[in-house]
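[1] Quick one, structure for this:
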Amino acid sequence: MSKSFCNKKKVFNKIKKLNVRSGEKMYHIKDKEFIRGKVPMTKEEVRAISIAKMEISDGDICLDIGGGTGSVSMEMARFAKNGHVYTIEQKEEAVDLIKQNMEKFEIKNMTVISGKAPEDLPQGITFDKVFIGGSGGNLSEIINYSYENLKEGGIIALNFIVLENTFEALECLKKSKFEDIDISQIIVAKNRKVKDFNMMMSENPIYVISARK
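    So this is what the prediction gives:
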C-alpha cells in the first residue's frame, strides 16, 4: 500500500471521527447554506480537510485569523461545542457576514473581532487550535504570534492559493520551531451540466499546511 494512500486514509478517518460526538449526528456545512455576499469563502471540501487536520476536540479554544464569511469559524465552533472560537477579520462587510452566519447557524460559542492581524489579535489567551485563512501580508508575525499563544501540542492549519505564500509559511513554521509540518495540495473538481451530460470542472489548487507546537 502506497504512503500517499495511507496519508489520505488517515485524513478521512479523522473526518469520520469528527462527525461523531456522543451519538449526535454531525455534518460539515455545505457552501450553499452560508450567507456569502461578495466575500471569498473557503470551499466545503477544503474546510473539511482543514478541520480534520486540526483534530478539534469538544472543549478546544480556537482562533480563526482572516475569518472571511466565517465558514471555517462556524465549523470550528460546532466541533468545539463546549469550547470557544475567536475569529478576527478586518473588512467590515466580512465582519457583518460572519455575524449573520452566526445568527443563522445559532452559534453562541464564538467572539468576532473587527480588526487586523497581528496588532488586534487577542492577548492573554492560549489556544488549542489556530487556523490562518488570510494574513494581509503579515504572515511571519502572525505565525510567530500563533506559536507563542498555542498550548504545548496545539495545532496550526493554514490555507494558501499561491506558491509564494506557501513557501513563506513553510520557512516561518520552521523558524518558529513548529513540528510535524505537513503540506497537502487539494484539487477539487465538480460536475457542471452541459445539456444532458456532466463535465468535471476543476477549481484552483489549495495548499493545506498543518503543524504542531
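[2] ok now whatever helix or strand Phe167 lives in, how far from the chain's centre?
    Taking DSSP states H and E as the definition, Phe167 sits inside helix 163-175. Its chain's C-alpha centre and that of helix 163-175 lie 17 Å apart, by Cα atoms, centre = their mean, to the nearest Å.
[3] so what does it touch, helix or strand wise?
    Here helix 163-175 touches helix 139-149, strand 150-160, strand 179-186, strand 206-212, going by 3 or more Cβ pairs under 8 Å, 6 or more residues apart in numbering; DSSP states H and E. The C-beta positions use only the backbone N, C-alpha and C, and glycine is treated the same way.
[4] same thing but 7 Å
    helix 139-149, strand 150-160, strand 206-212 (3 or more Cβ pairs under 7 Å, 6 or more residues apart in numbering; DSSP states H and E).
[5] closest one to Arg47 among those?
    strand 150-160 (9.1 Å; Cβ to Cβ).
[6] in that closest one, what's buried?
    Neighbour-count burial for strand 150-160, counted by 16 or more other Cβ atoms under 10 Å, picks out 150, 154-160.
[7] Name every sheet partner of it and say whether each one runs parallel or antiparallel.
    Neighbouring strands of strand 150-160 in its sheet, by DSSP bridges, are strand 127-132 (parallel), strand 206-212 (antiparallel).
[8] So which of these is the most surrounded?
    strand 127-132 (a mean of 25; mean count of other Cβ atoms under 10 Å).
[9] Report the backbone C-alpha coordinates of that strand in CSV.
    Coordinates of the C-alpha atoms in strand 127-132 are reproduced here as CSV (Å, rounded to 0.1, in the frame of the first residue of the first chain):
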residue,chain,number,x,y,z
PHE,A,127,-5.3,28.4,22.1
ASP,A,128,-5.6,24.7,21.3
LYS,A,129,-6.0,25.3,17.6
VAL,A,130,-5.2,28.1,15.2
PHE,A,131,-6.4,28.5,11.6
ILE,A,132,-4.9,31.0,9.2
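[10] how big is the angle separating that strand from helix 163-175?
    Calculated by axes from the mean of the first three to the mean of the last three Cα atoms, to 10 degrees, strand 127-132 forms an angle of 150 degrees with helix 163-175.
[11] Surely Ile209 touches Ala169?
    Yes - counting by Cβ atoms under 7 Å, Ala169 is a contact partner of Ile209 at 5.8 Å.
[12] hang on, the earlier thing: and Ile187, which of the helices and strands packed on helix 163-175 is closest to it?
    strand 206-212 (7.9 Å).
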